[in-house]
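In: sequence and predicted structure below; questions after.
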Amino acid sequence: MPRKSRIPKYCHHKASGRAVVRIDGKDHYLGAWNSPQSKVE
């Protein structure tokens, strides 16, 4: 049975203070945590 595609969680990388999402096992950093720019990305 194929997996359903999920919306990745918007998480906080505490060590660097950046926002991160994990897609297909890879972390993607989006910019400063809780900034409007990181939420758009």
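Out: It's in.
In: what is the least confident helix or strand in this structure?
Out: Least confident helix or strand, the chain: helix 36-40 with a mean of 90, by mean pLDDT, DSSP states H and E.
In: contacts for that helix?
Out: Contact with helix 36-40 is made by 10, 18-19, 30-32, as judged by C-beta atoms under 8 Å, 6 or more residues apart in numbering. (C-beta placed from N, C-alpha, C; glycine too.)
In: run the last query once more with 10 Å
Out: 10, 18-21, 29-33 (C-beta atoms under 10 Å, 6 or more residues apart in numbering).
In: show me what Arg22 bridges to in the sheet.
Out: When assigned by DSSP bridges, Arg22 has beta-bridge partners Asp27.
In: that one - how many residues pack around it?
Out: Other residues near Arg22 come to 11 when the count uses other C-beta atoms under 10 Å.
In: over to Gly31?
Out: Gly31, neighbours per other C-beta under 10 Å, totals 15.
In: work out for me the element it sits within.
Out: For Gly31, the host element (DSSP states H and E) is strand 26-32.
In: which elements pack onto that strand?
Out: On a contact count with 3 or more C-beta pairs under 10 Å, 6 or more residues apart in numbering; DSSP states H and E, strand 26-32 meets strand 11-13, strand 18-23, helix 36-40.
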